[in-house]
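Engineer: Show me the folded form of this:
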Amino acid sequence: MTVRTASPLLQLGRALCVALLLAASLAIGATAAAQSRYGLPDGWVEAEPHEGRLAAMLHSESLTRMEGWRVKLGQEDLDRFHSQLERRLKGKGFQLDDTSETTIDGYPARITLWSRSFRGKAFTLQIVELYRRGEMWQFSSMYREGAEAIDWEAALMTFAKALLS
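Structural biologist: Sure thing, here's the model as predicted:
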């Protein structure tokens with residue numbers, strides 16, 4: 001009786017198929033987790049947050065990243081915080097485009113839009129800040145112009161509300 005084994009190339013092909021199926025199911029699971037945990041629409045997956053951040057999300061098509069963080073800060077320190085942030089962003093080539101006010105879960109929030117060109121591409125940095133119970137909460141996303149099909153402000157606000165709850 002002769003036992004035949006598959007060629008190494010066929011075995012490699014089968015292993016790659018299994019790996020691709022596993023990767024696809026993990027991606028679907030990550031998207032589902034992001035949708036259920038943060039209430040975000042299709043395309044958003046959880047990402048590894050940078051140091052000091054609470055959470056991060058990544059949009060799979062545009063590679064836009066959203067992050068949220070908080071820091072203990074006295075009400076009297078807010079103006080200084082904002083002027084330092086503005087100075088840092090302007091030092092990196094950003095220009096302030098717009099500032100508006102809104103509320104998130106009953107707390108007043110400030111939305112600032114910054115723009116910058118880099119290597120011939122225009123980018124927008126959106127920052128949502130609110131002060132709640134002695135803590136400054138900040139949520140940000142930066143996206144490339146031309147990706148307006150996604151409602152960035154709604155996504156960032158949904159993300160902020162989920163982290164605040």
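
Engineer: Buried residues in the host helix or strand of residue 127, which are they?
Structural biologist: Counting by DSSP states H and E, the element that carries residue 127 is strand 121-132. Using 16 or more other C-beta atoms under 10 Å as the burial criterion, the residues of strand 121-132 that qualify are 123, 124, 125, 126, 127, 128, 129, 130, 131. C-beta coordinates here come from the backbone N, C-alpha and C atoms, glycine included.

Engineer: Following element in sequence after it, please.
Structural biologist: Following strand 121-132 in sequence order, the next helix or strand is strand 135-144 (DSSP H and E).

Engineer: Against which helices or strands is that following strand packed?
Structural biologist: Using 3 or more C-beta pairs under 8 Å, 6 or more residues apart in numbering; DSSP states H and E as the contact test, the elements touching strand 135-144 are strand 65-72, strand 121-132, helix 152-164.

Engineer: Can you give me the buried ones in that strand?
Structural biologist: By neighbour count with 16+ other C-beta under 10 Å, strand 135-144 contains the buried residues 136, 137, 138, 139, 140, 141, 142, 143.

Engineer: mind checking pLDDT for the fifth one?
Structural biologist: Meaning residue 140. Per-residue confidence at residue 140 stands at 85 (pLDDT).

Engineer: Now flag whichever of the buried residues of strand 135-144 is closest to residue 80.
Structural biologist: Closest to residue 80 out of these is residue 136 (11.4 Å), distances taken as C-beta to C-beta.
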